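Structure for this input, please:
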Amino acid sequence: MKKTENVLGFLLLAVVMVLGKMNLEAPIFFRLFVGIGLGYTLTRAYTGFAGSVNRAVSTGSTKLMRTLMFMFVITAALSAALLYNSDPTEWGLWVNPINMGLIVGGILFGFGMAFSSCCASGVLTDLITALPRALVTLIFFSMGVYVGFPLQKKAWVANSWFTSPVGEKTAGGVYLPDWFKWDGMNGYLGALVFTAILAGIVVVIANKYEAKRKAEGTYTGHFMENI
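Residues are numbered from 1 along each chain as shown. Predicted structure coming up:
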């Protein structure tokens, strides 16, 4: 059955790519291509962003968390390569405001991820292995988006405490390259280094946490990591 599922899956993938090429404009088709690639990777790796925290708490393993930090840095590098020497305002970027709406939304989203053990990406992988919980999460996750629509134009959600020149032209947040214009690469090198430092801090904390769990004898590891 697994072989049949794999064949059907790749056939469906091919159909989506062909139809996308025939009916979508180049920028949208590129996003479709990238989205399919990321979706396949997340599914094969049994990976979700919320899973990095849940896995660390439940098993003591921070391998997924450290892997995601590496992925964030690589993504930042690729984004910098695409945006370098171009007008970032023409890319349709969504530079989110930094305000109380972000803090409250982050806390609510964090509680939701903890209760459901998955987030937007993880729920798609969990639909296969944990259908009832993942399906309930998906339904209420979608409902939450529409519940939040009326709040989007409120000052505490729309206005940012901090901003930057490019950020003001998008959603109002801080566009990191604006902070490092002096780096000789129009700010992108400084922004990339700053992102790497933040990711590195998380990696150091994750390593210390995992070592502490091992020393206490509470480390079990995740079954996917022990295969």
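
Now do the buried residues in the longest helix anywhere in the chain.
The longest helix of the chain (DSSP state H) is helix 188-216. Residues of helix 188-216 classed as buried: 188, 190-192, 195-196, 199, 202-203, 206, 209-210, 213 (neighbour count, 16 or more other Cβ atoms under 10 Å). (Each C-beta comes from the backbone N, C-alpha and C, glycine too.)

which two from these end up farthest apart in space?
The two members of the buried residues of helix 188-216 with the most space between them (Cβ to Cβ) are 188 and 213, at 37.3 Å.

Just give the nearest non-adjacent residue to the residue positioned nearest the centre of the chain, would you?
In the chain, the residue lying closest to the centroid (Cα atoms, centre = their mean) is residue 49, at 6.2 Å. Computed as Cβ to Cβ, 6 or more residues apart in numbering, the closest residue to residue 49 that is not its neighbour in sequence is residue 119, at 5.2 Å.

Compute the number of surrounding residues for residue 165.
12 (other Cβ atoms under 10 Å).

pull the helix or strand with minimum mean pLDDT from this protein.
Least confident helix or strand, the chain: helix 120-129 with a mean of 69, by mean pLDDT, DSSP states H and E.

In contact with residue 102: list those residues for me.
residue 96 (Cβ atoms under 8 Å, 6 or more residues apart in numbering).

what bits of this protein have low per-residue confidence?
Along the chain, segments meeting pLDDT under 70 span 1-2, 42-48, 118, 121-122, 125-130, 223-227.

All the helices of it, in order from the start?
Using DSSP H, helices in the chain cover 2-23, 26-45, 49-59, 63-83, 100-116, 120-129, 131-148, 155-158, 165-169, 188-216.

could I get those as TSV with distance to residue 180?
Below are these laid out as TSV (distance: least, Cβ to Cβ, whole Å):
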stretch	distance to residue 180
helix 2-23	36
helix 26-45	26
helix 49-59	26
helix 63-83	11
helix 100-116	22
helix 120-129	29
helix 131-148	32
helix 155-158	26
helix 165-169	12
helix 188-216	2
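
so which of these comes closest to residue 179?
Among the helices of the chain, helix 188-216 comes nearest to residue 179, with 6.8 Å by Cβ to Cβ.

Please give me every residue in contact with residue 195.
Neighbour list for residue 195: 72-73, 76, 176 [criterion: Cβ under 8 Å, 6+ apart].

Quickly name whichever of the residues you listed is closest to residue 37.
So of the contacts of residue 195, ranked by how close each gets to residue 37 (Cβ to Cβ), first place is residue 72, at 16.4 Å.

For the closest one, give its distance to residue 65.
Going from residue 72 to residue 65 by Cβ to Cβ, to the nearest Å gives 11 Å.

now residue 20
33 Å.

One more: residue 185?
Distance, residue 185 to residue 65, using Cβ to Cβ: 29 Å.

more crowded one of these two?
Neighbours of residue 185 and residue 65, each counted by other Cβ under 10 Å, are more numerous for residue 65; the result is 21 against 16.

burial of the closest residue to that one other than its chain neighbours, as a residue count?
In space, and not counting its chain neighbours, residue 65 is closest to residue 52: 3.9 Å by Cβ to Cβ, 6+ apart. Using other Cβ under 10 Å, the number of residues around residue 52 comes to 22.

and if you look at residue 152?
9.

Please tell me how far the spatially closest residue to it that is not a sequence neighbour sits from residue 96.
Spatially, and ignoring its direct neighbours in sequence, residue 152 is nearest to residue 158 (6.7 Å; Cβ to Cβ, 6+ apart). From residue 158 over to residue 96 the distance is 11 Å, taken as Cβ to Cβ.
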